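1. return atomic coordinates for the entry below.
(chains A and B)
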Amino acid sequence: DSGVTQTPKHLITATGQRVTLRCSPRSGDLSVYWYQQSLDQGLQFLIQYYNGEERAKGNILERFSAQQFPDLHSELNLSSLELGDSALYFCASSGTGANVLTFGAGSRLTVL
Amino acid sequence: QKEVEQDPGPLSVPEGAIVSLNCTYSNSAFQYFMWYRQYSRKGPELLMYTYSSGNKEDGRFTAQVDKSSKYISLFIRDSQPSDSATYLCAMARSGGSYIPTFGRGTSLIVHP
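-> A predicted model of the protein is given here:
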């Protein structure tokens, strides 16, 4: 157990729907990162939050949004889902100024 | 051209072999170099972490960084079936938000 908790583990939904993925970072870590992993693209950085504020943005689609709450847990919202959004979504956390990430087990999203 | 290139494999070796995994990169600003191991249906876990050029050894694992050639390697000695996993290289700049950029990962299979 890495200490980073992600829910749900698996999610199956239909095109056009909206889902929310949840992440609780490792105790004491202030930074949360979201990554998307697909077979053809590998691990792609989506967005980073630090202590509640957006810190960096990567290849995140406009249909996707995220936030980090005062208790430091984070949610990734995916809307108007398309077949191509099917992927593994990983949350990772890190301590202050660190670039060593601790990953959760991931949420597998299948869009039918 | 992607910033980080990594052959996806698969690489199949017999138990006890020395394994060499490699990545090349194009961004000379990368200063931090990491190797993550990802077992099937799990999140990536940090294996090795190095700063700038040089070698680092940890048990059966050795990481090498050659910044002049923009080339990093991970060597696994006396490989075991339990080493079968996907190995992802990752790199980050100094300064800024340290977001690691990942390679696509190399699938390694160690057969008994």
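
2. is any residue of stretch B:53-73 near chain A?
-> No - using Cβ under 8 Å from any Cβ of the partner chain, stretch B:53-73 stays clear of chain A, coming no nearer than 13.7 Å. Any C-beta I mention is one placed from the backbone N, CA and C, and that applies to glycine too.

3. ok, and for that stretch, which residues are buried?
-> Neighbour-count burial for stretch B:53-73, counted by 16 or more other Cβ atoms under 10 Å in any protein chain shown, picks out B:61-65, B:70, B:72-73.

4. now, those residues that are in strands?
-> In this view, these that belong to strands under DSSP state E are B:61-65, B:72-73.

5. just flag the most distant two among those.
-> The largest separation in these, counting by Cβ to Cβ, is between B:F61 and B:V65 at 13.8 Å.

6. in the sheet, who's paired with A:V111?
-> A:V111 has these beta-bridge partners by DSSP bridges: A:T13.

7. show me which residues of chain B sit near chain A.
-> B:32, B:34, B:36, B:41-46, B:49, B:88, B:92, B:96-105.

8. hmm, 10 Å instead?
-> Those residues of chain B that sit near chain A, judged by Cβ under 10 Å from any Cβ of the partner chain, are B:2, B:4, B:6, B:8, B:31-32, B:34, B:36, B:38, B:41-46, B:49, B:86, B:88, B:90-94, B:96-105.

9. and the residues you listed, which are buried?
-> The buried subset of these - by 16+ other Cβ under 10 Å - is B:4, B:6, B:31-32, B:34, B:36, B:38, B:43-44, B:49, B:86, B:88, B:90-93, B:98-105.

10. hmm, back to that, for chain A, state which of the buried residues of stretch B:53-73 is nearest.
-> Nearest to chain A, judged by Cβ to the nearest Cβ, of these is B:A63 at 13.7 Å.

11. show me what contacts the closest one?
-> B:21, B:33-35, B:47-50, B:54-57, B:72-75, B:89 (Cβ atoms under 10 Å, 6 or more residues apart in numbering or on different chains).

12. just the ones in strands from those residues, please.
-> B:21, B:33-35, B:47-50, B:54-57, B:72-75, B:89.

13. show me the contacts for the most centrally placed residue in chain A.
-> Centroid-nearest residue in chain A: A:W34, 3.4 Å away (criterion: Cα atoms, centre = their mean). Contacts for A:W34 (Cβ under 10 Å, 6+ apart) come out as A:21, A:23, A:44-49, A:58, A:60, A:64, A:66, A:74-76, A:89-92.

14. could I have the buried ones of those as ChimeraX selection syntax?
-> What follows is the ChimeraX syntax selecting those of the contacts of A:W34 that are buried according to 16+ other Cβ under 10 Å:
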select /A:21,23,44,45,46,47,48,49,60,64,66,74,75,76,89,90,91,92
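
15. restricted to helices, list the contacts of A:W34.
-> Using DSSP state H, no member of these falls in helices.

16. so where is chain B shaky, pLDDT-wise?
-> Residue ranges of chain B with pLDDT under 70: B:96-97.

17. what does the model give the closest residue to A:R18 other than its chain neighbours for pLDDT?
-> In this structure, A:R18 finds its nearest non-sequential neighbour in A:S79, 4.2 Å apart by Cβ to Cβ, 6 or more residues apart in numbering or on different chains. What the model reports as pLDDT for A:S79 is 97.
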